[in-house]
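Enquirer: Quick one, fold the following:
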Amino acid sequence: MTAIQFDSHGVQSFIKEHEYEELKPQLAMAQQLLFEKKGAGSDYTDWVNWASNFNQQELQKIQRLAKKVQNQSKVLVVIGIGGSYLGAKMALDFMKSPWYNDLVEDGTKIYFAGNNLSAMALQQLLQVIGDQDFSVNVISKSGQTTEAALAFRFFKQALEERYGRDGAVDRIIATTDKEKGTLREEADTAGYETLVVPDGIGGRFSVLTAVGLLPMAVAEIDIEAVLAGAEKGEENYCSTDLSKNAALQYAASRRILYDKGYTTEILASWEPSLQYFAEWWKQLMGESEGKNLKGIYPSSANYSTDLHSFGQYIQEGRRDLFETVVRVDQVASDIDVPKTPENADGLAYLEGKTLDQVNQTAADGVAIAHVDGGVPNLVVRIAKQDEETLGELIYFFEMSVAISGYLFGINPFNQPGVEAYKTAMFALLEKPGYESESQIYKNRLKNI
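Expert: Numbers count the residues shown, from 1 in each chain. You can find the predicted model right below:
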């Protein structure tokens, strides 16, 4: 039984049935490359069977460390960037609330740092923590990611000033490579507790590893249920039958639309709690597909908010975009529209309805308007926001983009373009080893 229903009715006027049939041989080849580990980047495909083969000792260690953090601290600072924080933040919002830290009473608040280079943001987070007891989970496979490494310096200093050197060590958990890298060396030397970033899983696919699972567990999200949901995803989205595999259907629909000139995809939702799911999705899709001058540009929208900002563009702008809408059938809570005798706001016609009924009807109306306006509309429908659904939803999109990447003829598991900005930044900062490039890039600045 799947927690996800994929609905492609909104593309029926844009895609003909025979186009799916014609793509089947390419889909079969993409699956073969992935499952037989014969495709580009196959060293980074351990996520495919990760949930069903999850190491129970590692799971118990994650749960033990989560309890330790909960017992020690009112705040956990998760330090990381990209896949080292987006997955955990997405899961926290999805399962708890975007206002989790304001709502939590007896539990541990979770803040994210090391995902920017802003001095103001760092100082303000330190002010927010104030005199609350806190712990740190620093996440970096190499230990040399600039944003995370700098943030770790500041928070390690804050820990040492408050708890002393030994006390600081007891409040640091390093999620890093199992045997190499500067963070691994520091952790082994200092005696930090450690968790492992697997060799065979890239950052944007790492949410179901210790990278995402420790912060989830600290927030009292049932990580075993999340993994169980991902395991269901393995069962549901590894079929070679297009009619039975929603992940294949989604990948196929995206590829056909791309070939017709729809090169921008908007992942839209109608719940603010899914806003960071879209941020996680954007990294997953953008880093996986955006290579060799190919790929669908990933964008996002949170409705109805964004209908009042760039909804006009979606309705009547360039016809090179399509939408994938994540819809939730059973919201965690609902409220009745209040009744008033005077009807001054003209909303009496909504009395007797719930707010979610209004929200769902608005989603229906927008879908009709956008399709009529020339915007293909795909729907990923989930029954509810619980742990198993989250795990399956993560796996659904991971499987879809892996297949999609191979359909594009690229390696969906590397990110060579990310290194370009790092080279320029390191040269301008005069990092050792970049001396020959330093003056070149400084001269380049004069012409930009």
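
Enquirer: which residues pair with the closest residue to A278 other than its chain neighbours across the strands?
Expert: Residue nearest to A278 in three dimensions, not counting chain neighbours: S300, with 3.6 Å by CB to CB, 6 or more residues apart in numbering. For the C-beta atoms, the positions are set from N, CA and C on the backbone; glycine is no exception. For S300, the residues forming beta bridges with it (DSSP bridges) are L267.

Enquirer: I'd like the distance between S300 and D131.
Expert: Counting by CB to CB, to the nearest Å, the gap from S300 to D131 is 37 Å.

Enquirer: More neighbours: these two, which one.
Expert: When neighbours are counted by other CB atoms under 10 Å, S300 comes out ahead of the other of S300 and D131, with 19 against 7.

Enquirer: can you give me the helices in the stretch 251-400 of the chain?
Expert: Taking DSSP state H, counting those that start in this stretch as the criterion, the stretch 251-400 of the chain contains helices spanning 275-289, 311-316, 355-372, 387-407.

Enquirer: now for the helix or strand following the longest one, which elements pack on it?
Expert: Scanning the chain past helix 387-407 towards its C-terminal end, the next helix or strand to appear is helix 418-428 (assignment: DSSP states H and E). Where contact means 3 or more CB pairs under 8 Å, 6 or more residues apart in numbering; DSSP states H and E, helix 418-428 is packed against helix 435-445.

Enquirer: ok, now with 10 Å
Expert: Applying 3 or more CB pairs under 10 Å, 6 or more residues apart in numbering; DSSP states H and E, one finds that helix 418-428 makes contact with helix 146-169, helix 435-445.

Enquirer: Mind splitting the chain into its structural domains?
Expert: For the chain, whose domains are defined here by automatic domain parsing, the residue ranges read 4-38+240-407, 49-221, 417-448.

Enquirer: most tightly surrounded among the ones you listed?
Expert: For the domains of the chain, ranked by mean neighbour count under the definition mean count of other CB atoms under 10 Å, the leader is domain 49-221 at a mean of 19.

Enquirer: Could I get the contacting residues of the residue nearest to Q315 when sequence neighbours are not counted?
Expert: The shortest distance from Q315 to any residue that is not its chain neighbour, by CB to CB, 6+ apart, is 4.8 Å, and that residue is G373. Neighbouring residues of G373 by CB atoms under 10 Å, 6 or more residues apart in numbering: 314-317, 319.

Enquirer: give me the low-pLDDT residue ranges for the stretch 251-400 of the chain?
Expert: Counting by pLDDT under 70, the stretch 251-400 of the chain has no low-confidence residues at all.

Enquirer: still on that earlier bit, would you mind giving the helices and strands packed on helix 418-428 as JSON lines with mean pLDDT and distance to W50 added?
Expert: Conversion of these to JSON lines gives the following (pLDDT from 0 to 100; distance: least, CB to CB, whole Å):
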{"stretch": "helix 146-169", "mean pLDDT": "97", "distance to W50": "23"}
{"stretch": "helix 435-445", "mean pLDDT": "82", "distance to W50": "38"}
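
Enquirer: Contacts only, for the residue nearest the centre of the chain.
Expert: Per CA atoms, centre = their mean, the C-alpha nearest to the average position across the chain is that of W280, at 2.0 Å. Under the criterion of CB under 10 Å, 6+ apart, the contact partners of W280 comprise 82-83, 85-91, 93-94, 204, 207, 212, 267, 394, 397.

Enquirer: any idea how far G87 is from it?
Expert: With distances defined as CB to CB, the gap from W280 to G87 amounts to 6 Å.

Enquirer: Give me the common contacts of the two.
Expert: Shared contacts of W280 and G87, counting by CB under 10 Å, 6+ apart, come down to 204, 207, 212, 394.

Enquirer: and which of those residues is nearest F426?
Expert: In terms of CB to CB, no member of those lies closer to F426 than R204, at 22.3 Å.
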